[in-house]
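Peer 1: Give me the fold of what follows.
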Amino acid sequence: MNRWLSVAAEVAEALRGRKPVVALESTLISHGMPWPENATTALMLEQVVRDHGAVPATIAVMEGKLQVGLSPQDIERLARQGPKAEKVSRYNLAPVLCTGKLGATTVAATMWIAAMAGIAVFATGGIGGVHRGWSDTLDISADLEELARTRVAVVSAGAKAILDLEATLEYLETKGVPVIGFGTDQFPAFFTASSGLPLSLCTNSVSELARWIHTHWQLNASGGVLVANPIPQQLELKWAEASKAIDMALNEARQRQVRGKALTPFLLDRITALTLGKSLAANVALVKHNARLAVDLAKQLADMHSH
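Peer 2: You can find the predicted model right below:
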């Protein structure tokens, strides 16, 4: 076991018994939602995972350890800290560990730590990707590189709608990352069920999804798999409304010169305000939907691993 890794007893017991475990990120808590919705949502996600037969493992950096599995008190601490917590990706994980700071893990860092602990399935809202205007800024999320090298299946509602979704899909294909639509043949656009971009890999069956992922890894493929699980249509934000809010938020970010790791939290916060909270409601709905699918997938993979 890695000396920096601290695995909660419940999670460690499940992993030893080859029972299904679902990893959950912590930037959703600190940077993705405001207080107190962030704490309520994080606790709700853990309960969804438990109610459907798996063990939740929310991941964060605390007291100089990679903490896999948080207590309700840990979640509340992160939620109250909000953006004051360090946003941790692969590049700054070591300094945050060594200085003992409170760190919230991005998709990239959560994948890395989950793989260290032996967790194969991770549920999130939407991954990061290629930002709009990338040809000038080279702003491309580390989430994509992590998907290319770390063996974790990531269940998400596609990539965040603020991104260049077409370029994000192209990047993933170049890196050899399977993007599998679950119940859809189009790439989801986070708040909305479809971006209009077609997917060549799709299935309606969890068992088939698990077989594809299991076989992908049996072939010694080094990277992860992205499971694109669209938000239910009755809960989605309509594209015209989402697109208008995104464009306005992007213009504000340019005027204020918001860049780098501050950009995504800024945009999501502004979109919440511009849609009068509708985007936040959609965010909560989609991440809950992803957690539910992740449990079913984790069960199938755990069963395959035990035979």
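Peer 1: ok, now how distant is T192 from L274?
Peer 2: Using CB to CB, to the nearest Å, T192 is found at 15 Å from L274. Where you see a C-beta, it was placed from the backbone N, CA and C, and this is true even at glycine.
Peer 1: which SS state does A57 fall under?
Peer 2: strand (DSSP: H, G, I helix; E, B strand; the rest coil).
Peer 1: which residues are contacting the helix-or-strand element of the chain with minimal mean pLDDT?
Peer 2: The helix or strand of the chain with the poorest confidence is helix 134-137; it has a mean of 81 (mean pLDDT, DSSP states H and E). Helix 134-137 is contacted by residues H131, I140, D164, A167, R259 when judged by CB atoms under 8 Å, 6 or more residues apart in numbering.
Peer 1: and that helix, which residues are buried?
Peer 2: Neighbour-count burial for helix 134-137, with 16 or more other CB atoms under 10 Å as criterion, is recorded at W134.
Peer 1: okay, how far is it across stretch 97-111, tip to tip?
Peer 2: Terminal residues of stretch 97-111 are spaced 17 Å apart (CA to CA, to the nearest Å).
Peer 1: Quick one: mean pLDDT over it.
Peer 2: Averaged across stretch 97-111, pLDDT comes to 97.
Peer 1: All the helices of the stretch 51-200 of the chain, residue numbers only.
Peer 2: Taking DSSP state H, counting those that start in this stretch as the criterion, the stretch 51-200 of the chain carries its helices at 72-81, 93-99, 107-117, 134-137, 142-149, 165-174.
Peer 1: any chance of those in JSON lines, with distance to F182 too?
Peer 2: Listed next are those as JSON lines, based on distance: least, CB to CB, whole Å:
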{"stretch": "helix 72-81", "distance to F182": "27"}
{"stretch": "helix 93-99", "distance to F182": "30"}
{"stretch": "helix 107-117", "distance to F182": "18"}
{"stretch": "helix 134-137", "distance to F182": "27"}
{"stretch": "helix 142-149", "distance to F182": "16"}
{"stretch": "helix 165-174", "distance to F182": "16"}
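Peer 1: what's the most buried one of those?
Peer 2: helix 107-117 (a mean of 25; mean count of other CB atoms under 10 Å).
Peer 1: How much space separates the residue nearest to G176 when sequence neighbours are not counted from K19?
Peer 2: The shortest distance from G176 to any non-neighbouring residue, by CB to CB, 6 or more residues apart in numbering, is to G223 (6.3 Å). Per CB to CB, G223 is found 25 Å from K19.
Peer 1: Which of those two has more residues huddled nearby?
Peer 2: Just comparing G223 and K19: by other CB atoms under 10 Å the higher neighbour count belongs to G223, 21 against 16.
Peer 1: Thought E145 was touching that one, still the case?
Peer 2: No: the pair G223 / E145 is not scored as a contact, 9.4 Å apart, by CB atoms under 8 Å.
Peer 1: quick one: common contacting residues for those two?
Peer 2: Counting by CB under 8 Å, 6+ apart, the contacts common to G223 and E145 are K175.
Peer 1: before we move on, back to that, looking at the helices of the stretch 51-200 of the chain, which is nearest to H216?
Peer 2: Checking these against H216 by CB to CB gives helix 142-149 as the closest, at 12.3 Å.
Peer 1: who's in contact with the closest one?
Peer 2: Residues from elsewhere that reach helix 142-149 (CB under 8 Å, 6+ apart): 89-91, 106-108, 111-112, 127-130, 154, 168, 171-172, 175-177, 222-226.
Peer 1: Please apply the same query to stretch 188-197.
Peer 2: 125-126, 157-161, 165-166, 169, 181, 184, 186-187, 228-233, 236-239, 242, 279, 282-283, 286.
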